[in-house]
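K.L.:
Provided below for reference: sequence and predicted model.
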Protein chains: 2
Amino acid sequence: MQSAGDIVYVGDTLLSDVVRGGLANHGDTLLTGHSCSPTETDMSDEPTVRFSPWETSVDVEEGTTVLEAADRAGLSIESLCGGEGLCGTCKVVVDDGADCLSAVTDADELLLSEEQLESGYRLSCRSDVECGPVDVTVPNVSQNTGGVVLTEGRELEVDLDPVVTNYHLELSPPSLSDNTADLERVGEALKENYEVSIEEIDRVVHQELPNLMRGAEVEDKLHATVTVYDDEEIIDVTPGWDETMYGLAIDIGTTTIAVYLVDLRTADRVAVSSRMNPQSTFGGDIMSRMRHTRRSENGREELQDAIVDGVNELVDEVVEEAEIDPDNVYEAVFVGNTAMHHLFLGIDPHYVAGSPYVAANHAPVTVKARELDIDINPAGYLYWLPISGGWVGPDKVSVLLVSEHHKREELTVCVDIGTNGEISVGNSERMWSTSAPAGPALEGAEITHGVRARDGAVEFVTIDDETLEPDLEVIGDEPPIGICGSGIIDVLAELFEAGVIDQRGQFQEELLDHPRLRRNAHDVLEYVLVFADESGIDGDVVVTQNDLREIQQAKAAIQAGTRVLMDELDIDTVDRVVLAGAFGNYIDPESAMTVGLYPDVDFDAVESLGNAAGIGAQLALLNRDKRAEAMEIVDHVEYFEIAGTDVFRNNFMESMYVPHQRIELYPSVRERIGEFDEGRGVVVREGRSAER
Amino acid sequence: MQSAGDIVYVGDTLLSDVVRGGLANHGDTLLTGHSCSPTETDMSDEPTVRFSPWETSVDVEEGTTVLEAADRAGLSIESLCGGEGLCGTCKVVVDDGADCLSAVTDADELLLSEEQLESGYRLSCRSDVECGPVDVTVPNVSQNTGGVVLTEGRELEVDLDPVVTNYHLELSPPSLSDNTADLERVGEALKENYEVSIEEIDRVVHQELPNLMRGAEVEDKLHATVTVYDDEEIIDVTPGWDETMYGLAIDIGTTTIAVYLVDLRTADRVAVSSRMNPQSTFGGDIMSRMRHTRRSENGREELQDAIVDGVNELVDEVVEEAEIDPDNVYEAVFVGNTAMHHLFLGIDPHYVAGSPYVAANHAPVTVKARELDIDINPAGYLYWLPISGGWVGPDKVSVLLVSEHHKREELTVCVDIGTNGEISVGNSERMWSTSAPAGPALEGAEITHGVRARDGAVEFVTIDDETLEPDLEVIGDEPPIGICGSGIIDVLAELFEAGVIDQRGQFQEELLDHPRLRRNAHDVLEYVLVFADESGIDGDVVVTQNDLREIQQAKAAIQAGTRVLMDELDIDTVDRVVLAGAFGNYIDPESAMTVGLYPDVDFDAVESLGNAAGIGAQLALLNRDKRAEAMEIVDHVEYFEIAGTDVFRNNFMESMYVPHQRIELYPSVRERIGEFDEGRGVVVREGRSAER
């Protein structure tokens, strides 16, 4: 539906660069010093092992395990237990030469399913190479490389290190001469085999531990899978070996909730679902919901229940779609603005609603799933990313996890466009952020014919400089019913470039004889985008003077917020512009710059991250280091509260102009529009003027 | 009701030794190096401050605070904030010379109640001595000395260091220029004023934090009391200053539950209550309750609900009796045997019920009060002391916290007498413990006229060597209705000493012509303790040959368990015997040794600790180091499972004899009984024989 994708790009690596072969040495390879020397590879009597998907070969001495062979080939196969035949994570598929490997062991039979054994799976640490050649494929799940987070057709690579881990344990059954208690028996095995020192066990898992631990006895050993959270707490025990583990990334927007179900072993996003935020019944905007918490006796509970129910509906949907057991979902990472954070957790949002806009916490919040009745494993956890300050909430922190401009030297402006525009400006040295009250105009609300982006919405608009006739792109190729955010920005930019409105957004009255320009019944000037006979509604689709004012106010809030932060950093220009949110995906970058939504930069320095908040949540789900990084962001970013300040008010007045009162701040726009009447603040279109 | 108290003793210090004066230098005095030199005290123009209750005086320079004066006098007043006028813990009562102190400050008015100010209370850190003399009393709550745990008329001193602490905070209200979030604002103040780094906040407290933190504003500062658990988690926030904090010690016995309500600031036991364990409706003994968890579908929940309800009834009682708010109770420390531990926490007890008797955990268990619906502050915690091994549960660990023989060089036998006798033998170098199946005979059950210790129960018995007439002590001085545990031990000992029974417990048939000895209707020999005309029941009170056998079996289990452990340590004698449990309080030590209940030692080496399990729970409640010590005990004590072993069986057979098959193991008994017919195993009473 969309072309703006061309200019966007995520992270440092595109998918084309991350074909698995290119990643062989990425991440934590076990032993990079062991790459084959020419002498070794020339010894032709040594058996050869070939590894797919890399098509890498290595000659090894007889008796070498396939795991060791991979290591010598510079490849890295997952091996939690260090090649002891305990953890089951190093399994590979033998495509050819199975007879050249040592016989299938008890460990293979225990840790691989019957289907896997029939398909040629082996534990690579329990397969000695006895002759050659042997061809093996290392499945994704056994590759000790990064995963890839998908979004809007783009990919972001991430090292797989989730906070949840499954460990396979082989325990001696208790006896009179060895009557260590169950928990300590499990704890000692985790310590001995995996160097994990657990500190606690979930209360409910503890209740069943004696049974779960003894549920699978094979050849005088108890076999169990222990699921550990953050290397500290046992949150599940399953008899035998069950390596499945899933997580959720949940983005709670004021308007929409999105839930991503992710396989924690592969980073595969196995299901996605979204829906309206059911809190909307208590008010479409944040402020009316927050008022509800004070005005209604059980207001806070009602709002919390609504969002919990909404999340659970989506959780049920993704779990059903992926056909998995919700008990195998062990964590949900949440992002959202500060109000959504507070309302979801049942925290009184009163003091964040008004000046000085103080949140209840900065730190991340971790809550047992069963405490808030979220339908994943009840011993699992809900994890909210931290709050930077006031309205710069977990969603913004999540966006920064993706944009990473806190790590770069380039000066970057990052804008997450919504009812509040979350803005950050800076680089690795210093960064300011704020939240600007854009209002809902850019989402199509409070505009005469504004609609959300849906079938029939005018998405892109160009206006011919000479004829003033519009050229429209409509979602779903249906008769136009209204105009959505990206179209609205286009109209403002195109009317300005065509000389129809001046810098202040005022229609030029001398053009009133044009059929598309007129005064309406309320004596307000308007531009007819679609005449009734071509529209999908019962009448014309128009953009009025008041509509333009609403759009100008919205863009001015973001622009002024950005400039306040730039002033604070004492900079006039930036190196890079990053747009987050669906809106950024669909907006035309030229129009956006023409109206002044972001500073004047080269177009190829503008990136759109798509739903970066949701992507950041997935990164934090898949890699625990991202959580520490989120706290670094909170520490790094300084919060500037613009509400009620003179500096914002003054910048806002200047920013109401197109692109800005001081057009010299937008040299490329100035150059593009051609002849410009500085006195009237209007583009001069000679051809058309002559015509009149 | 009781005289055995004479020989018992707890800990290293009797109350007579712990009068407050003697404790002035005990505990962590702040500056012991500042004791007054003769030169200083001779400078008579310096004002004098006198401190009660110690009646200690000190001369100080003008301008010295009362807190500093106490320090110079070698006394220690509590001062959490280090004399910054923040914490309110250093308050004293000015008895005389109030005019000689600097004026009452804002801090005094903030942190002291109106009643306190009217009664002459001052913050000692905010009272400068300007002239003299000044007389102050340091109330218990401000004394930085140990508390005293009371039990059965004995006292055990303990340093006050509970895991719960109240901190008073003075916070700058948030502003646009200082919009740190609430939690971090509180965290930074805790760090700065008290060097406490909190890691989390209770989820429900978090929800109300914004309001609670702003509930009391005085002179542009927010005042709040923050209650912190284990220096890590905020579990309560109260506007203003509220120093009250209570804890519970809860002893869950198979038969009885006891709840002690303790003021955590003073160690005062402010209320106690006990009742039957309501689980009894599912079976009086542990095994039938454990069977119920398997036989009934919701058996485990039923047993858990029963005990939780029972505990809550008692909690409600003590809270009501002390007239305090249950929200001011922040912790409950639990002890009980391993089965009670499992059933209270809802853990499947199946595997601890049978060989190899493996518990679900050794480690202490900490659970939020609201998770198990215990009626204290819902954010507070339930803390179970650790399990040593199998049947040696938290109750036994608690007893060892009181007996402290794991710290001593003396070889000690410690026995907690109950349906199971929990036994430990050893010293600081090595210690073994076990659980011996004594059965209920020593509690009066399964004995023809056995009764629990209540009015009408025969408590002590002596039998005249010549006349064989008994002399009885009866509880409540009522007509005897039966015989309780201590009486039963007496009867066995006295019949043996009088030569009426032999070492095997067999009545000597040649005495059958005595009116108190006869054959009953079932042809069983019996001794008439009380004839019908003097008894409180409709008939004689007798002790039969079968009754004697039951008592012998009970004492033999304990004795054999003890000897197995002594054999394991390769020792023949011990230096000290410690008895725990109410039974130990009431038993006659001479009779107990005569029957062989414990090894032959000097009587003054026998101590009774009373309800040591409950006392140990109070120690762990009042001093967090005791919890670490409990884990040291678990690590130190080796568990010997005697069930089903030959070594126990053999020892049991020898221990069925009075006092033991090898009477030479009891030299003092042998000496006391005088002439003894080794062949027949019976005491020779010439006088009486001659009479016959």
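P.N.:
Yes, it's here. Residues are numbered from 1 along each chain as shown, chains lettered A, B, ... in the order given.
K.L.:
So A:Asp228 sits against A:Thr165, correct?
P.N.:
Actually, residue A:228 is Val. It isn't Asp. Yes. Contact criterion Cβ atoms under 8 Å: A:Val228 and A:Thr165 qualify, at 5.3 Å. (Each C-beta comes from the backbone N, C-alpha and C, glycine too.)
K.L.:
Find the residues that touch each one of the two.
P.N.:
Common neighbours of A:Val228 and A:Thr165 (criterion: Cβ atoms under 8 Å, 6 or more residues apart in numbering or on different chains): A:Val196.
K.L.:
how close does the nearest residue to A:Gly120 once chain neighbours are set aside get to A:Val58?
P.N.:
Of all residues not flanking A:Gly120 in the chain, A:Val94 sits nearest, at 4.6 Å (Cβ to Cβ, 6 or more residues apart in numbering or on different chains). Per Cβ to Cβ, to the nearest Å, A:Val94 is found 16 Å from A:Val58.
K.L.:
Up against chain B, what does the stretch 451-600 of chain A have?
P.N.:
Neighbours of chain B within the stretch 451-600 of chain A, by Cβ under 8 Å from any Cβ of the partner chain: none found.
K.L.:
how about low-confidence regions in the stretch 451-600 of chain A?
P.N.:
Within the stretch 451-600 of chain A, no stretch has pLDDT under 70.
K.L.:
Give me the secondary structure label for A:Leu261.
P.N.:
strand (DSSP: H, G, I helix; E, B strand; the rest coil).
K.L.:
all strands in the stretch 501-650 of chain A, in order from the N-terminus.
P.N.:
Along the stretch 501-650 of chain A, the stretches classed as strands by DSSP state E, counting those that start in this stretch are A:517-519, A:525-530, A:541-544, A:576-580, A:606-608, A:637-639.
K.L.:
so of these, which one's packed in deepest?
P.N.:
Stretch with highest mean neighbour count among the strands of the stretch 501-650 of chain A: strand A:576-580 (a mean of 26; mean count of other Cβ atoms under 10 Å in any protein chain shown).
K.L.:
Please state the offset of that strand from the chain centre?
P.N.:
14 Å (Cα atoms, centre = their mean, to the nearest Å).
K.L.:
Spell out which strands sit alongside it in the sheet and which way each one runs.
P.N.:
Strand pairing for strand A:576-580, using DSSP bridges, gives strand A:412-416 (parallel), strand A:606-608 (parallel).
K.L.:
quick one, which of the ones you listed is nearest to B:Val402?
P.N.:
Closest to B:Val402 of those is strand A:412-416 (Cβ to Cβ; 61.5 Å).
K.L.:
Quick one: work out the angle between whatever helix or strand comes next after that closest one and strand A:576-580.
P.N.:
Where DSSP states H and E defines the elements, the next helix or strand beyond strand A:412-416 is strand A:421-426. Angle, strand A:421-426 to strand A:576-580, by axes from the mean of the first three to the mean of the last three Cα atoms, to 10 degrees: 150 degrees.
K.L.:
Buried residues in stretch A:280-288, which are they?
P.N.:
A:Ser280, A:Phe282, A:Gly284, A:Asp285, A:Ile286 (16 or more other Cβ atoms under 10 Å in any protein chain shown).
K.L.:
should've said stretch A:190-209
P.N.:
Quick answer for stretch A:190-209 (16+ other Cβ under 10 Å): A:190, A:193-194, A:196, A:198, A:201-203, A:205-209.
K.L.:
circling back to that earlier point, which one of A:Val94 and A:Val58 is surrounded by more residues?
P.N.:
Per other Cβ atoms under 10 Å in any protein chain shown, whichever of A:Val94 and A:Val58 has more neighbours is A:Val58, with 25 against 20.
K.L.:
Tell me how many other residues surround the closest residue to A:Thr266 other than its chain neighbours.
P.N.:
Using Cβ to Cβ, 6+ apart and skipping residues adjacent in sequence, the residue nearest A:Thr266 is A:Asn140, 4.9 Å away. Here the count is done by other Cβ under 10 Å, and A:Asn140 has 15 residues near it.
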